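>>> Next one to model:
(4 chains)
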There are 2 protein chains.
Amino acid sequence: MSGGHPPEGASHAHQETTDPAVLAHDVATRLAAVGQRLTATRRAIVEALAAADRPLSIPEILSSGAGLAQSSVYRNLAVLERAGVVARVITMDEWARFELSEELTGHHHHLVCSKCGAVDDVRIPDDVEADLDRALEILAVRAGFLLQHHRLDLVGVCRACR
Amino acid sequence: MSGGHPPEGASHAHQETTDPAVLAHDVATRLAAVGQRLTATRRAIVEALAAADRPLSIPEILSSGAGLAQSSVYRNLAVLERAGVVARVITMDEWARFELSEELTGHHHHLVCSKCGAVDDVRIPDDVEADLDRALEILAVRAGFLLQHHRLDLVGVCRACR
DNA sequence: ATGAGTGCAAAGGCTTTGCATTAGG
DNA sequence: CCTAATGCAAAGCCTTTGCACTCAT
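The predicted structure is shown next:
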């Protein structure tokens, strides 16, 4: 898994950062906004997450980057999360997983393998997304709920486990 | 929150168990299918979950039922999960949460409060659900993914936190 | 120099497991 | 009686925190 993401679905409104340099600048800006700097460790974490087209667990981040201390990764992920650079992905199956925030990468969803726990990214067509948002907003209002965003995961069996 | 669920959305295909006696029988059957009995502890857990219209955390289950041992709750939740009676709800914010499986209660989604972490149930209209399923199936096939089901959470601020 | 960031190690907190006891067939 | 479930307590495991050291400004 993680090798085959769908053929670049639709393009989104706030376009994702693809260029490494642009990404770094964007990240630095967001960090500065909360009074933090882009350090070597933080850069390494961001690059690891950017390189993967799926959410990574702490162990994965630790092994990908060179010699990062576990505590530093945890601490910096917290900082990056506050800065809106990374987002914690809910999985609950094993470890916490992290990915670059949707403001940086664009809105997307996850393919979660119920056998091996692998998580991959997917984008759904804009029109489906729009219809869904419209319906959810109605429900939210009805429930006295101030809707911020939604999470949609596709649970099933990945190519590798079939 | 948790007080106000939407006015009984649409009815679903495999209808949910509402009657306590029917529920107990259904649970017993499912347990028997995996070689397990419906014990007092298990009954207490199921009743606690059935009474709430939202996923409960272990502490909540412990306080609701009378004098249950923590380890028993954990162990029996695992058994009930294997039997397809309860499902673990992903939250990752604090504790694991559990609810009766959708085979028992019907397909639904969650309203997750980003401020207080409360989780409540919601059902979305059948037609929206159908459209969504259709779109997701296409994506899944395209990704070589065998789609089993989806998870959809509405994240926002609940009535109590606004 | 001076405060932020880093690393190692120890502590925390939810969850799991071992083992003796008790309940059910 | 004999297997299965329960409860208490201890162990596990991911995550967080304390503290001294290092780096950048």
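>>> Now do the same contact list for A:Ile58.
By C-beta atoms under 8 Å, 6 or more residues apart in numbering or on different chains, the contact set of A:Ile58 is A:Gln70, A:Val73, A:Tyr74, A:Leu77, A:Trp95, A:Ala96, A:Phe98. C-beta here means a position set from N, CA and C on the backbone, and glycine is covered the same way.
>>> The second one contacts A:Ile61, correct?
Put plainly, it is A:Val73. Yes - the pair A:Val73 / A:Ile61 is scored as a contact, 5.6 Å apart, by C-beta atoms under 8 Å.
>>> Now for those two: what residues contact both?
Shared contacts of A:Val73 and A:Ile61, counting by C-beta under 8 Å, 6+ apart, come down to A:Ile45.
>>> How many neighbouring residues does A:Ala50 have?
18 (other C-beta atoms under 10 Å in any protein chain shown).
>>> buried ones in the helix or strand harbouring it?
According to DSSP states H and E, A:Ala50 maps onto helix A:40-51. By neighbour count on 16 or more other C-beta atoms under 10 Å in any protein chain shown, the buried set for helix A:40-51 is A:Thr41, A:Arg42, A:Arg43, A:Ala44, A:Ile45, A:Val46, A:Glu47, A:Ala48, A:Leu49, A:Ala50.
>>> Could you identify the most distant pair in these?
A:Thr41 and A:Ala50 (14.9 Å; C-beta to C-beta).
>>> As a check, name the ranges of all helices in chain A.
Taking DSSP state H as the test, the helices found in chain A are A:20-33, A:40-51, A:58-64, A:70-82, A:102-105, A:126-142.
>>> Please name the nearest non-neighbouring residue to A:Thr91.
Of all residues not flanking A:Thr91 in the chain, A:Arg97 sits nearest, at 5.3 Å (C-beta to C-beta, 6 or more residues apart in numbering or on different chains).
>>> likewise A:Lys115?
In space, A:Lys115 is closest to A:Cys161, 4.1 Å off (C-beta to C-beta, 6+ apart).
>>> Can you name the residues of chain A that neighbour DNA strand D?
Neighbours of DNA strand D within chain A, by C-beta under 7 Å from any atom of the strand: A:Ser57, A:Ile58, A:Gln70, A:Ser71, A:Tyr74, A:Arg75, A:Ala78, A:Glu94, A:Trp95, A:Ala96.
>>> switch to 6 Å and redo it
A:Ile58, A:Gln70, A:Ser71, A:Tyr74, A:Arg75, A:Trp95, A:Ala96 (C-beta under 6 Å from any atom of the strand).
>>> low-scoring stretches of chain A, by residue?
A:1-18, A:92-94 (pLDDT under 70).
>>> residue at max distance from the center of it?
A:Arg142 (29.3 Å; C-alpha atoms, centre = their mean).
>>> Next one: that one from B:Arg159, what distance?
11 Å (C-beta to C-beta, to the nearest Å).
>>> rewinding a little: if I pick the residue nearest to A:Thr91, what's in contact with it?
For A:Arg97, the residues meeting the contact criterion (C-beta under 8 Å, 6+ apart) are A:Pro55, A:Leu56, A:Ser57, A:Arg88, A:Val89, A:Thr91, A:Val119.
>>> Filter these down to the buried ones.
Buried among the contacts of A:Arg97 (16+ other C-beta under 10 Å): A:Pro55, A:Leu56, A:Ser57, A:Val89, A:Thr91, A:Val119.
>>> residue contacts, the third one?
Same thing as A:Ser57. A:Glu94, A:Trp95, A:Ala96, A:Arg97, A:Phe98.
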